[in-house]
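Student: Structure for the following, please:
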Amino acid sequence: MWRFFLLVVVMLSAWANAVQAADCPVLLQGELQKLRSQERIDLCAEFAGKPLLVVNTASFCGFTPQFKGLEALYQRYKDQGLQVLGVPSDDFRQEADSSEETAKVCYVNYGVTFPMSETQHVTGSEAVPLFKELAKQSQAPRWNFSKYVVDAQGNVVASFPSSIAPDDPALLTAVKQAIASQRQ
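Tutor: Down below sits the predicted model:
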């Protein structure tokens, strides 16, 4: 009898996981290791149903000062639901050699409070699933600090190159569009 019960529990668990995966946009299916932490960022649990700005970052890039603008953008719109996710990458050879140094640049030098992951691949065949899907929906990052605005349904609303600052009117328009998607 208990084998039957165990079988039912296993089947219900598998069904629940399948339902959860079906409710989660492809873009958000997966996890990333949180920067300088044992915790993992469950992308679906953290960001599903919310507007999101994803940025591939690097500690020693000419665009690194954009962290200040990204944090200001996050502070300005977080109460309206906007989430920001920073994903350090060494794909363009400008990331620190250690997560300690990356964390210092983000958290100490620029006061970042939004989630940051450990260093990940964001281009090519080694790109993490998040960035493979971002590339599929728009384009792969061509440099550090490429920005992807994602609506509450997990669709890329717009993508912007490194040269577009976090306070650029076009980026702000896309962010507002993504925020409005929560009400649809």
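Student: Tell me where the chain is predicted with low confidence.
Tutor: Across the chain, the stretches falling below the confidence threshold (pLDDT under 70) are 1-22, 184.
Student: switch to 80 and redo it
Tutor: Counting by pLDDT under 80, the chain contains low-confidence residues at 1-22, 183-184.
Student: Where do the helices of the protein begin and end?
Tutor: Listed in chain order, the helices of the chain (DSSP state H) span 2-23, 43-47, 66-77, 99-103, 129-137, 169-180.
Student: Identify each buried residue in the second one, please.
Tutor: In other words, helix 43-47. Counting neighbours by 16 or more other Cβ atoms under 10 Å, one finds that the buried residues in helix 43-47 are 43, 44, 46, 47. Every C-beta, even on glycine, is put in place using the N, C-alpha and C of the backbone.
Student: Make JSON lines from those residues and add distance to residue 101 to it.
Tutor: As requested, the buried residues of helix 43-47 are exported to JSON lines (distance: Cβ to Cβ, whole Å):
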{"residue": "43", "distance to residue 101": "25"}
{"residue": "44", "distance to residue 101": "30"}
{"residue": "46", "distance to residue 101": "25"}
{"residue": "47", "distance to residue 101": "26"}
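Student: wait, which of those is closest to residue 121?
Tutor: residue 43 (15.9 Å; Cβ to Cβ).
Student: Find the nearest non-adjacent residue to the closest one, please.
Tutor: residue 28 (4.2 Å; Cβ to Cβ, 6 or more residues apart in numbering).
Student: check contacts around that neighbour.
Tutor: With contacts taken as Cβ atoms under 8 Å, 6 or more residues apart in numbering, residue 28 has the following neighbours: 43, 44, 47, 48, 130, 154.
Student: now residue 129
Tutor: 29, 30.
Student: Skipping adjacent residues, who's closest to residue 110 in space?
Tutor: Spatially, and ignoring its direct neighbours in sequence, residue 110 is nearest to residue 67 (3.6 Å; Cβ to Cβ, 6+ apart).
Student: Report how many residues lie close to the one you found.
Tutor: Residues contacting residue 67 under the criterion other Cβ atoms under 10 Å number 24.
Student: again with residue 54
Tutor: Applying the criterion other Cβ under 10 Å, we find 24 residues in the vicinity of residue 54.
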